[in-house]
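Visitor: Next come a sequence and a model predicted from it.
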Amino acid sequence: MKILILGSGGREHAIAWALAKSPRAEALFVAPGNGGTEGITLANGQRARNVSLDPQDADAVIAFAKDAGVELVVIGAEAPLVAGVADELRAAGLKVYGPNAAEAQLEGSKDHAKKFMDDNGIPTAAYRTFTDEASALAYVREHGAPVVVKADGLAAGKGVVVAETVEDAEEAVRACFGGAFGSAGATVVIEECMRGPECSMLSFVTGGKSFAMAPSQDHKRAFDGDTGPNTGGMGVYSPVPIVTDEEMAAMTDIMAHAAAAVPDYRGTLYGGFMLTSEGPKIVEFNVRFGDPETQVVLPRLESDLVDIMEAVADGRPEDVQMDWSDQWAVCVVLASDGYPGAYEKGRVILGVDDAEAMDGITVFHAGTARNADDELITAGGRVLNVVAMADTFEEARNRAYEACDVIQFEGKQLRRDIGLKALIGRTSWE
Ligand code: AMP
Ligand code: GLY
């Protein structure tokens, strides 16, 4: 099968890498891809190829896919899904992994997602929606802090403020209505603040059925000890030892419940959970694989991802089969200094091959490219994902950090405490 993956992050590298392991992968294209996706070797010895295409440009994607004989298109990120690229590709007769625009509203509009959860009895924080600043300000003053202020639309992970004071909440409300997030902030959702550890559960969803993948835990803040600004994610591990069997069952059940309410959904549904004292509750749904969650979840999947993605795209839940490795996976993100703010690009990266030669190490690229001299250079905020697999959590964590030290580029920024929470245990950090 010839497969096209749309995207350029660590998530898309991990998806391409997992698909390439299948004997059924005949050719792989990644559009636009990154400095790592081009080098992926398929089971048949072929190399994956980067294609210079904009994932939002459905016409260009269709033209390329038809010309190259692509049989399955996997859409990586939320923006093309919310924009309806999956709908257009399907209308052109292509097989697509990823939901249509109507279902993608679960991520595209927080107000829609909250209504969906209320309508389907899915546990989540209590909320109110506002379309004018004065009513929103009056509400936060009356409600008091802590309270969570969210821009309704897509804001690249920056549209959420967990306000510990009424003043911070007021400022967040003013920022949204003042246009800080463009039209995404014209509607504002204000939520009750939940407390507890967070856990991500990604699920293959098709034909109204959910196939929950192994759980993982992201580290969203930029610096050690969960300090600094929110980022796309600085590290992650799987499985999550602090989750109890009861919580696992409740999360799996919630995902099944959500899947049953979207019978036309064909793709990954991502449940972002908070493990509250009242049980797991949804913080947010995403309509795609998580980044960096995918980088630890897919390496633990032992089944053929081509089979699974094709069955999901076809709407054949009876053919989705998953086996999971017992190994632990830890991923540490190497970022450019300054990220998530402004950062330099074009710095030469050394040592990736040496790191990959180490036991249990895979390096997934994110913001990398090749310069005119074919040197690997930095090209984004999150640069590389160093993933270690091992039989114990400690070993996986140690291996990941040893490999991180072998890779060098000017301004390399990383968290040194990825996975420490899992080692310390739950009650000590909640
Ligand atoms: P989101 O972009 O919706 O994932 O939100 C980003 C982060 O804000 C989440 O990962 C949580 O850490 C935090 N957050 C969002 N909603 C709430 C809530 N209702 N209570 C507490 N924290 C929240
Ligand atoms: N790592 C968080 C996300 O993918 O949304």
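Guide: All right, it came through fine. Ligands and ions are numbered 1, 2, ... in the order given.
Visitor: all strands of the stretch 201-350 of the chain, in order?
Guide: Along the stretch 201-350 of the chain, counting by DSSP state E, counting those that start in this stretch, strands occupy 209-212, 217-218, 221-223, 227-230, 235-238, 267-276, 279-286, 328-336.
Visitor: Please report how far Phe204 lies from Phe289.
Guide: Per Cβ to Cβ, to the nearest Å, Phe204 is found 10 Å from Phe289. Every residue, glycine included, has its C-beta placed from N, CA and C.
Visitor: what about those two, which has more around it?
Guide: Between Phe204 and Phe289, counted using other Cβ atoms under 10 Å, the more crowded position is Phe289 (28 against 24).
Visitor: residues in the stretch 101-250 of the chain within reach of ligand 1, list them.
Guide: Applying Cβ under 6 Å from any ligand atom, we find that the stretch 101-250 of the chain lies next to ligand 1 at Ala125, Val148, Gly157, Val160, Val162, Glu191, Cys193, Met194, Glu198, Lys220.
Visitor: What is the burial count for Asp87?
Guide: Neighbours around Asp87, by other Cβ under 10 Å: 17.
Visitor: Just the element for it, please.
Guide: Here Asp87, judged by DSSP states H and E, is contained in helix 85-91.
Visitor: Give me the contacts around the following helix or strand past that helix.
Guide: Reading on from helix 85-91 to the C-terminus, the next helix or strand found by DSSP H and E is strand 96-97. Strand 96-97 is contacted from outside by Leu72, Val73, Val74, Ile75, Ala86, Leu89, Arg90, Arg266, Gly267, Met309, Val312, Ala313, using Cβ atoms under 8 Å, 6 or more residues apart in numbering.
Visitor: ok, residues contacting the next helix or strand after strand 96-97?
Guide: Counting by DSSP H and E, the element after strand 96-97 in chain order, helix or strand, is helix 101-108. Helix 101-108 is touched from outside by 78, 81-84, 86-87, 112-113, 116, 153-154, 262, 264-265, 269, 284-288, with contacts defined as Cβ under 8 Å, 6+ apart.
Visitor: Mind listing what's buried along the following helix or strand past helix 101-108?
Guide: Sequence order places helix 110-119 as the next helix or strand after helix 101-108, per DSSP H and E. Residues of helix 110-119 classed as buried: Lys110, Asp111, His112, Ala113, Lys114, Phe116, Met117 (neighbour count, 16 or more other Cβ atoms under 10 Å).
Visitor: With stretch 321-340 instead?
Guide: Neighbour-count burial for stretch 321-340 flags Gln327, Trp328, Ala329, Val330, Cys331, Val332, Val333, Leu334, Ala335, Ser336, Tyr339, Pro340 (criterion: 16+ other Cβ under 10 Å).
Visitor: In contact with the last one, which residues?
Guide: For Pro340, the residues meeting the contact criterion (Cβ under 8 Å, 6+ apart) are Ala222, Pro229, Asn230, Thr231, Gly232, Gly381.
Visitor: can you check the second one too?
Guide: Listed by Cβ under 8 Å, 6+ apart, the contact set of Trp328 reads Tyr237, Ser238, Pro239, Met389, Ala390, Asp391, Thr392, Phe393, Glu395, Ala396.
Visitor: what's the answer for the third one, then?
Guide: Taking Cβ under 8 Å, 6+ apart as the definition of contact, the neighbours of Ala329 are Tyr237, Ser238, Val296, Val297, Pro299, Arg300, Val387, Ala388, Met389, Ala396.
Visitor: same check, this time on the fifth one
Guide: Cys331 is in contact with 235-237, 292, 295-296, 364, 385-388, 400, 418, counting by Cβ under 8 Å, 6+ apart.
Visitor: Is it bridged to anything, and to what?
Guide: Per DSSP bridges, the residues bridged to Cys331 are Val236, Val387.
Visitor: What is the burial count for the residue nearest to Gly35 when sequence neighbours are not counted?
Guide: Leaving aside its chain neighbours, Gly35 sits nearest to Thr368 (3.4 Å; criterion: Cβ to Cβ, 6 or more residues apart in numbering). Counted with other Cβ under 10 Å, the neighbours of Thr368 add up to 25.
Visitor: I would like the residues contacting the lowest-mean-pLDDT helix or strand in the chain, please.
Guide: Across the helices and strands of the chain, mean pLDDT, DSSP states H and E gives its lowest value to helix 420-424, namely a mean of 79. Helix 420-424 is contacted by residues Pro197, Gln217, Tyr237, Val240, Pro241, Ile242, Phe393, Glu394, Arg397, Trp429 when judged by Cβ under 8 Å, 6+ apart.
Visitor: ok, those residues vs ligand 2, which is closest?
Guide: Nearest to ligand 2 among the contacts of helix 420-424 is Gln217, at 10.1 Å by Cβ to the nearest ligand atom.
Visitor: so how far is ligand 1 from that closest one?
Guide: Note on Gln217: its distance to ligand 1, by Cβ to the nearest ligand atom, to the nearest Å, is 11 Å.
Visitor: repeat for Thr231
Guide: Distance of Thr231 to ligand 1, given as Cβ to the nearest ligand atom: 11 Å.
Visitor: quick one on the thing from earlier: turn the contacts of Cys331 into JSON lines, columns for neighbour count and distance to Asp168.
Guide: As requested, those are arranged in JSON lines below (neighbours: other Cβ atoms under 10 Å; distance: Cβ to Cβ, whole Å):
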{"residue": "Gly235", "neighbour count": "27", "distance to Asp168": "27"}
{"residue": "Val236", "neighbour count": "29", "distance to Asp168": "28"}
{"residue": "Tyr237", "neighbour count": "29", "distance to Asp168": "30"}
{"residue": "Pro292", "neighbour count": "30", "distance to Asp168": "28"}
{"residue": "Gln295", "neighbour count": "34", "distance to Asp168": "33"}
{"residue": "Val296", "neighbour count": "30", "distance to Asp168": "33"}
{"residue": "Phe364", "neighbour count": "30", "distance to Asp168": "35"}
{"residue": "Asn385", "neighbour count": "29", "distance to Asp168": "32"}
{"residue": "Val386", "neighbour count": "30", "distance to Asp168": "35"}
{"residue": "Val387", "neighbour count": "28", "distance to Asp168": "36"}
{"residue": "Ala388", "neighbour count": "29", "distance to Asp168": "38"}
{"residue": "Ala400", "neighbour count": "28", "distance to Asp168": "35"}
{"residue": "Ile418", "neighbour count": "26", "distance to Asp168": "28"}
